[in-house]
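Q: below is the structure, and that's it, no one-letter string:
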Ligand code: NIG
Ligand code: FE
């Protein structure tokens, strides 16, 4: 039997510096590194000088690279499957209307629900695919996609199926999140509890079709109360599905603590999260997902408690929140840039936030880091230093994105 450790590498990359994000070194940096993979997993990572003697000669493919290589980016919070757009609401907000006023007047999420219900499968797919492609072009190989613009069984199902189809089409990992508890549909006007009954009943049916990797809710005055979210989470727990929460974005309803109490993968937005919420997240290992795109677009001023997250060791992820209302953002690198400028993350924190901590927010410990055994998902960047990833606004810095070793076209 061949000892796998001695089998030739499927691929070997030389000539670049590596930001492994592993170990205590800044960026886990390895200058003049070598990265090798076998069967889609990293088999060697380290300085080129430490490569086994015959590695270069025996590797099936050798890539001569330059610049920097990082783990592929992980976008752990998006709503990128939807139809239509909300540019007109953007104009209204610039004239002084607030996000909440527009929502209460029947616009906001419900206007995207109308457009999404009206689109058939192919139209929804055709509208959404380019958004995932844009993320991929800027380095994303794993993306979370939420439902929540259907708010009826069939359209929620359609959104989740379209999300799966995007992953299959592009060859990237898509994690689906069931977010029927996003807004109250017109059929249940004035009956939020009745709607929660309905969406709880849909959940196991969608889960049985392998469409639900996680469950989310919008815990907010214009969304669902903590008591209603608790019922959604109990249904998820009964199915063994992990939860996450849109928590404390516009007001403090104790959402972060609620997510943590259910062992939530993440609490997202968290601008208004209080100290008890931060402590609960630390105690339960719940990741804080920062969404600076929504903060920026809503011209928010309330900063998430970044110092408290640092002090309590709560991992901070960064995501695009790509959605038509509050964050029409099609680059995770731009989200990293905004996290640095608005939230004062260091570029290294932002990069860890868009890789290793984002992977944790999806319950995927096998990526977001260059380490032996991890998936060989990585990006070759045209940069001289990893801080450049957070420095440029725009531009096309990704030379190539590799998934399980293979270059994605
Ligand atoms: O994460 N807050 C709720 N959900 C989205 C916004 C969705 C929308 O406005 O369409 C968010 O900001
Ligand atoms: Fe969101």
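A: In hand now; what should we look at? Just so we're clear, the structure is a prediction, and the values are computed from it rather than from any experiment. Ligands and ions are numbered 1, 2, ... in the order given.
Q: starting from the longest strand seen in the chain, tell me which strands it pairs with and how they run.
A: Counting residues, the longest strand found in the chain (DSSP state E) is strand 173-181. Applying DSSP bridges, strand 173-181 is found paired with strand 140-146 (parallel), strand 214-219 (parallel).
Q: so what does whichever strand or helix holds residue 259 touch, helix or strand wise?
A: If you go by DSSP states H and E, residue 259 is part of helix 255-261. For helix 255-261, the elements it packs on are helix 226-239, strand 244-247, strand 266-269, helix 275-284, judged by 3 or more CB pairs under 8 Å, 6 or more residues apart in numbering; DSSP states H and E. No exception for glycine: its C-beta is placed from N, CA and C like everyone else's.
Q: now the element after the longest strand of the chain, going C-ward?
A: helix 192-208.
Q: same question for that following helix: list its buried residues.
A: For helix 192-208, burial by neighbour count (16 or more other CB atoms under 10 Å) applies to 195, 196, 198, 199, 200, 202, 203, 206, 207.
Q: thought the last one was touching residue 239?
A: It refers to residue 207. Yes. With contact defined as CB atoms under 8 Å, residue 207 counts as touching residue 239 (5.3 Å).
Q: bridging residues for the closest residue in space to residue 33 that isn't next to it in sequence?
A: In this structure, residue 33 finds its nearest non-sequential neighbour in residue 18, 3.7 Å apart by CB to CB, 6 or more residues apart in numbering. Here residue 18 shows beta-bridge partners residue 30, residue 69, assigned using DSSP bridges.
Q: could you list every residue that touches residue 18?
A: By CB atoms under 8 Å, 6 or more residues apart in numbering, the contact set of residue 18 is 28, 29, 30, 33, 35, 45, 68, 69, 70, 370.
Q: state the number of residues packed around residue 394.
A: Residue 394: 10 surrounding residues under other CB atoms under 10 Å.
Q: check which helix or strand it maps to.
A: Counting by DSSP H and E, no helix or strand carries residue 394.
Q: so which bits of the stretch 301-409 of the chain are right by ligand 1?
A: Applying CB under 6 Å from any ligand atom, we find that the stretch 301-409 of the chain lies next to ligand 1 at 321, 323, 324, 325, 326, 327.
Q: which one (most neighbours) among these?
A: Counting neighbours by other CB under 10 Å, the top entry in these is residue 321, with 30 neighbours.
Q: per-residue confidence at the residue of the chain found nearest ligand 1?
A: Using CB to the nearest ligand atom, residue 325 is the residue of the chain that sits closest to ligand 1, at 2.3 Å. With respect to pLDDT, residue 325 scores 96.
Q: that one touches residue 93, doesn't it?
A: No. Look at residue 325 against residue 93 with CB under 8 Å: they stay out of range, at 9.7 Å.
Q: touching both of the two, which residues are there?
A: Shared contacts of residue 325 and residue 93 (CB under 8 Å, 6+ apart): residue 99.
Q: who does the closest residue to residue 163 other than its chain neighbours bridge with?
A: Distance criterion CB to CB, 6+ apart; nearest residue to residue 163, sequence neighbours excluded, is residue 145 at 3.9 Å. Beta-bridge partners recorded for residue 145 (DSSP bridges): residue 176.
Q: residue 145 - how many residues pack around it?
A: 27.
Q: host element of residue 211?
A: Take DSSP H and E as the rule and residue 211 turns out to sit in neither a helix nor a strand.
Q: number the chain from 28, please
A: Happy to do that; since the first residue is 28 now, the last one works out to residue 238.
Q: show me the contacts for it.
A: Listed by CB under 8 Å, 6+ apart, the contact partners of residue 238 are 184, 187, 188, 191, 203, 205.
Q: does the first one touch residue 177 like I think?
A: Yes. Using CB under 8 Å, residue 184 and residue 177 qualify as a contacting pair, with a distance of 7.4 Å.
Q: the more surrounded of the two?
A: Legend: neighbour count by other CB under 10 Å for residue 184 and residue 177, higher for residue 177 (24 against 18).
Q: quick one, phi psi at that one?
A: With angles defined as degrees, to the nearest 10, residue 177 sits at phi -110, psi -60.
Q: grab the nearest non-local neighbour of it.
A: Per CB to CB, 6+ apart, closest to residue 177 is residue 183, 3.9 Å.
Q: what about the spatially closest residue to the residue of the chain closest to ligand 1 that is not a sequence neighbour, how many neighbours?
A: Excluding the flanking residues, the one nearest residue 352 by CB to CB, 6+ apart is residue 113, at 5.2 Å. A count of nearby residues for residue 113, using other CB under 10 Å, gives 22.
Q: ok, residue 113 to residue 170 distance?
A: Applying CB to CB, to the nearest Å, the value for residue 113 to residue 170 is 21 Å.
Q: again, but for residue 96
A: On the measure of CB to CB, residue 96 and residue 170 end up 20 Å apart.
Q: same deal with residue 293?
A: Distance of residue 293 to residue 170, given as CB to CB: 15 Å.
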